[in-house]
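> with the sequence up front, the predicted model follows.
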Number of protein chains: 4
Amino acid sequence: MPVVIETIASALLAGNPLGDPPERRVPIYLPPDYETSTARYPVVYFLAGFSGGGVYLLGESLWGETLPQRVDRLVRGGDVRPLIVVMPDCITRFGGSQYINSAATGPYADHLVQELVPYVDAHFRTLTDREHRVVMGKSSGGYGATVLAMRHPELFGLAVDHSGDKYFELCYRADIPAAVSALARYDHSAARFLADFPHPPAKRGRHWFALVNLLAMASCYSPDPAAPCGFALPFDEHTAELRPDVWTRWLAHDPVELVAAHAAALRSLRLYFLDCGRWDEHHLQFGARIYTGRLRDLGIAHTYEEFDGGHLQVAHRYDVSLRALSAALA
Amino acid sequence: MPVVIETIASALLAGNPLGDPPERRVPIYLPPDYETSTARYPVVYFLAGFSGGGVYLLGESLWGETLPQRVDRLVRGGDVRPLIVVMPDCITRFGGSQYINSAATGPYADHLVQELVPYVDAHFRTLTDREHRVVMGKSSGGYGATVLAMRHPELFGLAVDHSGDKYFELCYRADIPAAVSALARYDHSAARFLADFPHPPAKRGRHWFALVNLLAMASCYSPDPAAPCGFALPFDEHTAELRPDVWTRWLAHDPVELVAAHAAALRSLRLYFLDCGRWDEHHLQFGARIYTGRLRDLGIAHTYEEFDGGHLQVAHRYDVSLRALSAALA
Amino acid sequence: MPVVIETIASALLAGNPLGDPPERRVPIYLPPDYETSTARYPVVYFLAGFSGGGVYLLGESLWGETLPQRVDRLVRGGDVRPLIVVMPDCITRFGGSQYINSAATGPYADHLVQELVPYVDAHFRTLTDREHRVVMGKSSGGYGATVLAMRHPELFGLAVDHSGDKYFELCYRADIPAAVSALARYDHSAARFLADFPHPPAKRGRHWFALVNLLAMASCYSPDPAAPCGFALPFDEHTAELRPDVWTRWLAHDPVELVAAHAAALRSLRLYFLDCGRWDEHHLQFGARIYTGRLRDLGIAHTYEEFDGGHLQVAHRYDVSLRALSAALA
Amino acid sequence: MPVVIETIASALLAGNPLGDPPERRVPIYLPPDYETSTARYPVVYFLAGFSGGGVYLLGESLWGETLPQRVDRLVRGGDVRPLIVVMPDCITRFGGSQYINSAATGPYADHLVQELVPYVDAHFRTLTDREHRVVMGKSSGGYGATVLAMRHPELFGLAVDHSGDKYFELCYRADIPAAVSALARYDHSAARFLADFPHPPAKRGRHWFALVNLLAMASCYSPDPAAPCGFALPFDEHTAELRPDVWTRWLAHDPVELVAAHAAALRSLRLYFLDCGRWDEHHLQFGARIYTGRLRDLGIAHTYEEFDGGHLQVAHRYDVSLRALSAALA
């Protein structure tokens, strides 16, 4: 199964504020007949979820499939037409960039749009029109797929959003108490917590992940050069009280808030596929219901499926969306 | 141990909208020497938490103490001076009135203030000045103690608030997703759920309690005669989206919002004791931190203790507050 | 609703090794027409589960029914014929006697059979033949019902066993690791743990209940006058290693082991009703399957129902068994 | 960081009963100076836990280290002397071979001892005496390390056992109820469950892992050519009743039972390091306490550490054992 790993030196990410490497390792899946044919192929940009992406999509496991193994099975079985899958690396030391630009992390959306897409089109036999370029992702990657489809209709003609972050009033806000509880062992100081980060701690406390996730989101949604960490938190580190001024900045990035202003771009999609598990541990099914309600009200065509499952172990859903993509690309 | 159960026919609660009985069974603990002395005693109005109060405080268990057993032990042991404890019955079929008036449930605060207190003072040898009348409670009863102390300084000179409801932005709002999930099996209709209520269901689903709690709070905080259930919900029953207009009505009852307007009443208290478990399952420690921060800013004297525990099995904390009350009453 | 509480001074329990009171408070439910008729009634001895029984069955709650309230509803509604329900008090300071005799706790089976039954027949208008005397219980009380039916066919002609303890290899043995973990904070010494018991601890650790339950079972199944606590434990307090000699003594009390020797007694029952929740947290559904398999092999008539539920909140199942009893008694 | 992946065609595993591939992919970590020196190095055979091993140890993650990354950091930092680490692939389609021979899976111990060790010594510059060959592992790999050290003192002079399977009476037996519950959706038939296996199911039920783990252990400990799956289960698939004859076969593989017969081999070790988390989710701390008690009684030198943690996220413990190994190898 042909997977090449390209190392792309990003000029845009050079000198980024978190000190993350500007060299990005981007795995690219090529279809079985790529070497023996001269055809051009549609391209899927697959955006991974928080703390994942790039080479982290390649770790094999006994009873699972890596993303390339999954796609290859579907292509070889004739379920999905041959296509190229690019696995961007927009990871930061805090876990992720949400595939957007931020003064606290770096211009990750620009990197993807201005550097990665041209690189791929230059080095691989892609179909280079928007009608054959897909942005697709899961969780934070689903969020990325939706906001990139909103902002770059000139690039992406199809979008797939699996269990994407939406309705921040629930999906992030519900984690604030856990994050503040996790801060208790750091004198309720995020700066103190981050002083050791990302050294893998000997023992991650119960709410470690909720804390890291909210800090990472703050680095994406509320950068603040004056703050000790480079970003503002939308809650008090001791009392958990919401800081409305910062929270307003977060909400400005919520797809539920963004959708009206980008209706035209979304209407132009050949396929907009969304789904979510009915028991999503991050309450994303509610965001999906609210958001697709907005889509309906705005007359934006889309497919939405709610399935019996949660937020994890849902890779089997990619079989569904990849088949739908294949049909739409035909 | 002398406990009498008075049945009080409330004129104010007659014909209440939920059809709850206007006859209220109110247990009253009398100190060991009550029968043999002619003394008058301080009175504690103990407000129980959600779904409790009145005779429900009297159920014995093998390794626990009922409230009267606890007080009696402390009084007999000389830890607490002899006092009378009244256990008001402000329960509704949905679980509780929050000890406030509501067009959807009934005038429960008025009942307590205008009917129960005079009744007790008329029928028992109480000290009838505010300096010897205490309002005390746990959870929803802690909430009741705080708002009654705010609104009735002429009656209550001391207040104890254990793990009381505060900062609704966390303590209630965090339950909305669970409540909506519980509604899934009722076609996302609270009216349909309530059609069978309170018949004890054969099997209570996982989020049954969160749902009942939020419906009960809606009956207290956002009555709406035009609504099918008599109250408005602050969230969409299918998408969980917040309804800001209803939510604003809830916030108007939040102690964090109320405190500034009632600072004078709270400043007049001889004792204002609050506590909360550091790991409260309903996030009430955060509300307590925010609220006591407000108290500090407003110059309102109080005692606040945060202890190693959660929201349940905290009756041992009453030993602490009763001792503090006893000292303040001396 | 007529419930009388008899206080019975037990000669057999006087001076019992745990120092538990020989005076036993036994609530007795009388049917609605008891006072106005001269009829005699069938009697149900209802044996409560661990840490319950006697007056602990009388604690009211908002959305539930006490046992007498439940029976009274069924009798008044015509679903169940009028009968008397006796709620024996065979509780010990450790939580329960399993309704058997033990040198470490006292002769609780003898008390029930030789003292309580004659007392009830002498003081109330009962039908005194075995054909109208029922032994019924839940959990540890289900265990009690089964072993009393095995050993006293002269007294009990019908038996109901809800979620009773069976197949000790699972139901108790699975708790050993938790109990040993709970002992960690007591230097792995049950004697040290019991030194403070039953003082209600300020904070019960996570596995407190599993530990108390196993200690109580040891007091019932493996009394040992030479041991510091009066009983032997079937496991090492530090390593959790099974002690086969003590464990063998426990197994001798397992209904799965007992059944063959008592087949004749069980065959003589007019009704033997058993049930268990399919998701019982103590694995009792497996014991029920094994045990009813033995009943089948031995040709012992019985009814076994497995329902969708766990070990708690299953009182609605009493409606089913009481109806079946009523039909069998007719 | 030099990691080579050798593909080794095993003659012994050819035609194995589960149809697993006889070609084994074995990653081998080489120390930083391997290419530039002519030195020979000690070798560590690192045995991974259930469902892991071989290339599955190479999956990168954002905040973690792969095993080679960890070793390389320690070697480059001077904490551990340069050494070679071999990552055997003894995985089966059920998740693992426990590094033993079984008629139901294949001769995995023989493969490791007779094929892999000679291959490594032939192809890499190893120190080939037992004084410089280590067997080390975690969980099922810890089990493998202990039993290989018992049976092959001629090969291994040092052994490290992290959280290894021991005292089957707890570590496996406690999972039986969960496994039988998982079988409920397959008509209580392991054969039916295995018919689809290992196809990754759309939705893994709650006890899926416990079931797979016990089936895999049965394939290792109780092969049975006459049984439909090729092995016997030690419990009834519907009632969970233990089958003593099969269980006895399992116990014959328990280190607690094996240790006395292999005391001489274990006494010959230069280092025998064991540890376990105090809160191991599989109760392995109890097995470790029992087993090291046996070691003590038999006069077998060893180091045992119990740390504050569970069964997962304990890779930081390898830093401790690798340092101890390095010191012992010096």
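Perfect, thanks for sending it.
> any idea how far the residue in the stretch 1-150 of chain A positioned nearest to chain C lies from C:Leu148?
The stretch 1-150 of chain A approaches chain C most closely through A:Trp63 (26.0 Å), counting by Cβ to the nearest Cβ. Every residue, glycine included, has its C-beta placed from N, CA and C. Remark: distance between A:Trp63 and C:Leu148 (Cβ to Cβ, to the nearest Å) = 50 Å.
> SS state for the residue of the stretch 1-150 of chain A closest to chain C?
Counting by DSSP: H, G, I helix; E, B strand; the rest coil, the backbone at A:Trp63 sits in coil.
> quick one: it and D:Pro198 touch, right?
Yes - with contact defined as Cβ atoms under 8 Å, A:Trp63 reaches D:Pro198; the gap is 5.2 Å.
> which residue does chain A bring closest to chain C?
A:Arg206 (13.4 Å).
> return the residues in contact with that residue.
A:Ala178, A:Ser181, A:Ala182 (Cβ atoms under 8 Å, 6 or more residues apart in numbering or on different chains).
> can you tell me how far it is from B:Val44?
Counting by Cβ to Cβ, the gap from A:Arg206 to B:Val44 is 37 Å.
> hang on, the earlier thing: the more surrounded of A:Trp63 and C:Leu148?
Regarding A:Trp63 and C:Leu148, a neighbour count based on other Cβ atoms under 10 Å in any protein chain shown identifies C:Leu148 as having more, with 23 against 16.
> nearest spatial neighbour of A:Asp89, skipping sequence neighbours?
A:Gly54 (3.2 Å; Cβ to Cβ, 6 or more residues apart in numbering or on different chains).
> any idea how many residues pack against that neighbour?
19.
> need the contact list for it.
So A:Gly54 contacts A:Arg24, A:Arg25, A:Val26, A:Pro27, A:Ala48, A:Met87, A:Pro88, A:Asp89, A:Ile91 (Cβ under 8 Å, 6+ apart).
> one more time with 7 Å, if that's ok
A:Arg24, A:Arg25, A:Val26, A:Pro27, A:Met87, A:Pro88, A:Asp89, A:Ile91 (Cβ atoms under 7 Å, 6 or more residues apart in numbering or on different chains).
> ditto for A:Leu74
A:Val80, A:Asp319, A:Leu322.
> return the closest of those residues with respect to C:Ala218.
Comparing the contacts of A:Leu74 against C:Ala218 with Cβ to Cβ places A:Asp319 closest, at 54.5 Å.
> quick one: mean pLDDT over whichever strand or helix holds the closest one.
If you go by DSSP states H and E, A:Asp319 is part of helix A:316-329. Mean pLDDT, computed over helix A:316-329, is 97.
> any part of it near chain D?
Yes - in terms of Cβ under 7 Å from any Cβ of the partner chain, part of helix A:316-329 sits within range of chain D, namely A:His316.
> only the buried residues of that helix, if you could.
A:Arg317, A:Tyr318, A:Asp319, A:Val320, A:Ser321, A:Leu322, A:Ala324, A:Leu325, A:Ser326, A:Ala328, A:Leu329 (16 or more other Cβ atoms under 10 Å in any protein chain shown).
> the closest residue in space to A:Met136 that isn't next to it in sequence pairs with what?
Distances taken as Cβ to Cβ, 6+ apart place A:Val160 nearest to A:Met136, at 3.8 Å, with adjacent residues excluded. On DSSP bridges, the residues paired with A:Val160 through beta bridges are A:Met136, A:Phe273.
> might one say that A:Val160 is in contact with A:Arg270?
No - using Cβ atoms under 7 Å, A:Val160 is not in contact with A:Arg270; the gap is 11.6 Å.
> of the two, which one has the most company?
Set side by side, A:Val160 and A:Arg270 show more neighbours around A:Val160, with 31 against 16, by other Cβ under 10 Å.
> give the buried residues for stretch A:247-257.
Buried-residue list, stretch A:247-257, by 16+ other Cβ under 10 Å: A:Trp247, A:Arg249, A:Trp250, A:Leu251, A:His253, A:Asp254, A:Pro255, A:Val256.
> max pairwise distance over those: which two?
A:Trp247 and A:Pro255 (16.2 Å).
> now do the SS call for A:Arg25.
strand.
> which ones are touching it?
Taking Cβ under 7 Å, 6+ apart, one finds A:Ile5, A:Thr7, A:Gly54, A:Val55, A:Asp89 in contact with A:Arg25.
> with A:Val113 instead?
With Cβ under 7 Å, 6+ apart, A:Val113 has these contacts: A:His152, A:Leu155.
> any idea how far it is from D:Arg73?
Distance from A:Val113 to D:Arg73, by Cβ to Cβ: 36 Å.
> same check, this time on A:Asp79
Distance from A:Asp79 to D:Arg73, by Cβ to Cβ: 43 Å.
> and the helix or strand containing A:Val4, what's buried?
In this assignment (DSSP H and E), A:Val4 forms part of strand A:3-9. Residues of strand A:3-9 classed as buried: A:Val3, A:Glu6, A:Ile8 (neighbour count, 16+ other Cβ under 10 Å).
> report the distance from that strand to the chain centre.
19 Å (Cα atoms, centre = their mean, to the nearest Å).
> same question, stretch A:228-246
Worked out by Cα atoms, centre = their mean, stretch A:228-246 lies 24 Å from the chain centre.
> may I have it as CSV, with CA atoms only?
C-alpha atoms of stretch A:228-246 as CSV (Å, rounded to 0.1, in the frame of the first residue of the first chain):
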residue,chain,number,x,y,z
PRO,A,228,1.8,35.1,30.2
CYS,A,229,0.9,32.1,28.0
GLY,A,230,0.2,34.1,24.9
PHE,A,231,-3.6,33.6,25.2
ALA,A,232,-6.5,34.5,27.4
LEU,A,233,-8.6,32.0,29.2
PRO,A,234,-12.4,32.4,29.1
PHE,A,235,-12.8,31.4,32.8
ASP,A,236,-11.3,32.2,36.1
GLU,A,237,-8.7,29.7,37.1
HIS,A,238,-9.9,29.3,40.7
THR,A,239,-13.7,30.0,40.6
ALA,A,240,-14.5,28.8,37.1
GLU,A,241,-16.5,32.0,36.6
LEU,A,242,-16.9,32.8,32.9
ARG,A,243,-15.1,35.8,31.5
PRO,A,244,-17.7,37.1,29.0
ASP,A,245,-15.2,39.3,27.0
VAL,A,246,-13.0,36.3,26.3
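> before we move on, the earlier item: quick one, phi/psi of the residue of the stretch 1-150 of chain A closest to chain C?
The phi and psi values for A:Trp63, taken as degrees, to the nearest 10, are phi -110, psi 10.
> same thing with A:Val43?
According to degrees, to the nearest 10, A:Val43 has phi -120, psi 130.
> and it, what are its bridge partners?
Beta bridges link A:Val43 to A:Ile84, A:Arg133, judged by DSSP bridges.
> residues near it, how many?
24.
> relative to C:Lys138, how far out is it?
In terms of Cβ to Cβ, A:Val43 sits 64 Å off from C:Lys138.
> quick one: the strands in the stretch 51-200 of chain A?
Taking DSSP state E, counting those that start in this stretch, the strands of the stretch 51-200 of chain A run over residues A:84-86, A:101-102, A:106-107, A:133-138, A:158-162.
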